[in-house]
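**Student:** no sequence on hand, only this structure:
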């Protein structure tokens, strides 16, 4: 939920800040009646004077968690001019390149079906500032597939129905339907959006998200260190489309997706068989296949420093990215500002994002930047060109010179990178206290990823602690909400959610995970259902991701992404995790805070976070094939605190073919909207007395018109309140108004 309040003007400049309302104060807030007159102002908030500095011209965005556990409430301050509604009109449709029109070919190959937003690849960049409301009108013009839209890296705090994960948080947009996503963004940094139904992001349905925060001093200091910025969007590219690849994963016998045919950067690459005229069928190659036509170029100027926002949009392969003769300085990791760290090359796994500063201080020329495959024994290279202003007219060739890359199975570069990525000014993050939590307050999981042959179906699957995740028939958030609200339901987390299995906190049959897979795991994967980790709001959770060998005795790299959260990467190591010995190696001072972490072959990685975001959040391997084969679980946080799902999110359950004449201009026969409308009583006076004012609100949603282990045979608004109240009980907006220069609350 979000509220903008215009306070008495001041000449002072506001700055971003965060503070914590203590548990005792929050209890007093809960016990107070809702009061529009603001007469009840007896709540005490104990905040250290050094933590907060307010101006008189301030907008506050506050999430109030109506809960029973210890809760953090983050308050973000910005000037009134910074809060805006940013609207995008997106149409998703299938396209195909042909000999007559090669414009949709990304690598010289023709006849490859793509799914594009507004006919762009990569898709349109979504840009916003912290506190902005983003509204995306998404029209699905695909005649045969349903889709959702996930905003990877945005936590959707207090907005769990808008995470965009089909089967977890919402119904997908059906054929010829429209969905309107409207949410407030709070996470500055480099993120990206993509489909989250099956393998559609590998078909082109993805693009960058850039969120800035002009009121965060840390962000403005960083911006002062560079002149311009560029997006580097990475993608492995298959010539079979998503549905065809998915069919092989579910086939008996199993058909692995194999290596991608090319690798594209910013929508451009070269399929070497077309480029070298060695393809079996020349009619499948564009007649204009050349470096100039298909490799993208970034024009740069001598002496300038560029911020490269590097986005790992791959579906399978991790890569190493490097620029000839230029080093990079890493300054941001997935929305977290880190201590600057200089590298000659950078590992980027699927779903990961970095900001790197590069100074163009070499002779004016054209320089290759390339990618090489990591942790898989084969795969294509990718390339993009940095061309200095005034560079000679000579064109680059595939003879180089190219930058150096590590060997595909060399782990040291990744280990060095991960060891040196540390959070800058970690005390400025409101959740950093989890690093000093008492051992007895930490709930610890050991999650072991294994392969198994499902006895019931005969399909090759992945499993976590012997449980293969299977997509539920309806979004799990609905099932969890209903289970908590049925008459006689046990209190959460003892609530039983029908059709699901609680993930064990450790493997039921432990073994030495560096050895071949245990027989009880390899032949029977215990359960095949939606699995969940039930958590109570406020819990501190530590997860040790433990890698193991697959059925063909190979251990792979797996990048893991948690929706709805950023976590601290507190430890990593080789071999089998040993609590008694390995905890001493944890970095609890300044670990990197991110949302997608690398799990190296035959290694372990430990992460820690506080479960403050109520909802259902997917936790999965970002290799899409592994995700679809079951390497996934759900973090379910206090669903008893959820408000009922917006009608628009239930389209796959409560589908109506009734035609809505009020939306005839849309040109679509039936639509599903997720729009939050203006709340009654939103005209808030500028002259409210100093108090903590509670405003009862309502929601109105309208329904309108390496050797690859995967192959077992291979050894190798606008001055108004916009409310998305998602918590059970009275939904409240907390408005702090008429703050006349106070530096703290007593």
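**Tutor:** Yep, that arrived. Since we're looking at a predicted model, the values are computed, not measured.
**Student:** please make it C-alpha for all contacts and neighbour counts, starting now.
**Tutor:** Will do.
**Student:** what is the rounded mean pLDDT of stretch 113-132?
**Tutor:** Stretch 113-132 carries an average pLDDT of 96.
**Student:** got a list of what the residue nearest to residue 506 when sequence neighbours are not counted touches?
**Tutor:** Spatially, and ignoring its direct neighbours in sequence, residue 506 is nearest to residue 446 (4.9 Å; CA to CA, 6 or more residues apart in numbering). By CA atoms under 8 Å, 6 or more residues apart in numbering, residue 446 lies in contact with 505-507, 543-546.
**Student:** residues contacting residue 464?
**Tutor:** 447-450, 630-633.
**Student:** just residue 154 next, same as before
**Tutor:** 185-187, 191, 564.
**Student:** those in helices, which ones?
**Tutor:** Judged by DSSP state H, helices contain none of the contacts of residue 154.
**Student:** can you flag the buried ones in the residues you listed?
**Tutor:** Buried by 16 or more other CA atoms under 10 Å: 185-187, 191, 564, out of these.
**Student:** still on that earlier bit, quick one: the contacts of residue 154 as JSON lines, columns for pLDDT too.
**Tutor:** Output for the contacts of residue 154, formatted as JSON lines (pLDDT from 0 to 100):
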{"residue": "185", "pLDDT": "96"}
{"residue": "186", "pLDDT": "94"}
{"residue": "187", "pLDDT": "96"}
{"residue": "191", "pLDDT": "98"}
{"residue": "564", "pLDDT": "98"}
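**Student:** my read: residue 595 touches residue 187, true?
**Tutor:** No. Residue 595 lies out of contact with residue 187 (CA atoms under 8 Å); the separation is 11.8 Å.
**Student:** next, show the common contact partners of those two.
**Tutor:** With CA under 8 Å, 6+ apart, residue 595 and residue 187 have common neighbours residue 153.
**Student:** just to revisit the earlier point, identify the farthest-apart pair in the contacts of residue 154.
**Tutor:** The most widely separated members of these, counting by CA to CA, are 191 and 564 (12.9 Å).
**Student:** common neighbours of the two, please.
**Tutor:** Joint contacts of residue 191 and residue 564 (CA under 8 Å, 6+ apart) are 153-154.
**Student:** which parts of this protein are helices?
**Tutor:** With DSSP H, the ranges of helices along the chain come out as 23-31, 217-223, 242-249, 272-275, 291-294, 412-420, 476-485, 519-522, 579-582, 624-628.
**Student:** make TSV from the ones you listed and add mean pLDDT, distance to residue 347 and mean neighbour count to it.
**Tutor:** Formatted as TSV, the helices of the chain follow (pLDDT from 0 to 100; distance: least, CA to CA, whole Å; neighbours: other CA atoms under 10 Å):
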stretch	mean pLDDT	distance to residue 347	mean neighbour count
helix 23-31	33	41	16
helix 217-223	95	22	14
helix 242-249	96	25	16
helix 272-275	94	24	19
helix 291-294	95	24	17
helix 412-420	95	6	15
helix 476-485	95	34	22
helix 519-522	60	31	17
helix 579-582	93	25	10
helix 624-628	96	19	22
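**Student:** so which of those helices is nearest residue 341?
**Tutor:** Nearest to residue 341, of these and by CA to CA, is helix 412-420 at 7.0 Å.
**Student:** thinking again about what came up before, relative to residue 292, which of the contacts of residue 154 is nearest.
**Tutor:** The nearest one, if we look at the contacts of residue 154 relative to residue 292 and count by CA to CA, is residue 191, at 29.0 Å.
**Student:** that closest one bridge partners, please.
**Tutor:** Beta-bridge pairing for residue 191 (DSSP bridges): residue 209.
**Student:** what's the spacing between it and residue 155?
**Tutor:** Distance of residue 191 to residue 155, given as CA to CA, to the nearest Å: 11 Å.
**Student:** then residue 391?
**Tutor:** Distance from residue 391 to residue 155, by CA to CA: 43 Å.
**Student:** who has more neighbours out of the two?
**Tutor:** Set residue 391 next to residue 155 and count neighbours by other CA atoms under 10 Å: residue 155 wins out with 22 against 15.
**Student:** so what's that one up against?
**Tutor:** If a contact means CA under 8 Å, 6+ apart, then residue 155 has 163, 186-187, 563-566 as its contacts.
**Student:** thought residue 198 was touching residue 623?
**Tutor:** No. Look at residue 198 against residue 623 with CA under 8 Å: they stay out of range, at 11.3 Å.
**Student:** more neighbours: those two, which one.
**Tutor:** Counted by other CA under 10 Å, residue 198 and residue 623 do not tie: residue 623 has more neighbours, with 22 against 18.
**Student:** tally of neighbours for the residue nearest to that one when sequence neighbours are not counted?
**Tutor:** The shortest distance from residue 623 to any non-neighbouring residue, by CA to CA, 6+ apart, is to residue 316 (4.7 Å). For residue 316, the neighbour count with other CA under 10 Å is 25.
**Student:** correct me, but residue 203 touches residue 239?
**Tutor:** No. Using CA under 8 Å as the test, residue 203 is too far from residue 239 to be in contact (9.3 Å).
**Student:** looking at these two, which one has more neighbours?
**Tutor:** residue 203 (24 against 19).
**Student:** hang on, the earlier thing: JSON lines for the contacts of residue 155, including distance to residue 298?
**Tutor:** Listed next are the contacts of residue 155 as JSON lines, based on distance: CA to CA, whole Å:
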{"residue": "163", "distance to residue 298": "33"}
{"residue": "186", "distance to residue 298": "30"}
{"residue": "187", "distance to residue 298": "27"}
{"residue": "563", "distance to residue 298": "32"}
{"residue": "564", "distance to residue 298": "33"}
{"residue": "565", "distance to residue 298": "33"}
{"residue": "566", "distance to residue 298": "31"}
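**Student:** in this structure, which residue is closest to the centre?
**Tutor:** Centrality entry for the chain: nearest residue to the mean C-alpha point is residue 152, 2.1 Å, by CA atoms, centre = their mean.
**Student:** so what's that one bridging to?
**Tutor:** Beta-bridge partners of residue 152, counted by DSSP bridges, are residue 192.
**Student:** now residue 446
**Tutor:** Taking DSSP bridges as the rule, residue 446 bridges to residue 544.
**Student:** can you pull the buried residues of stretch 186-206?
**Tutor:** Applying 16+ other CA under 10 Å to stretch 186-206 flags 186-206 as buried.
**Student:** wait, stretch 83-93
**Tutor:** Buried residues in stretch 83-93, defined by neighbour count with 16+ other CA under 10 Å: 83-86, 88, 90-93.
**Student:** in the residues you listed, find the pair that's most separated.
**Tutor:** Going by CA to CA, the pair spanning those furthest: 83 and 93, at 31.7 Å.
**Student:** need the contacts of residue 154 in CSV (columns: distance to residue 142).
**Tutor:** As requested, those are arranged in CSV below (distance: CA to CA, whole Å):
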residue, distance to residue 142
185, 28
186, 31
187, 31
191, 26
564, 28
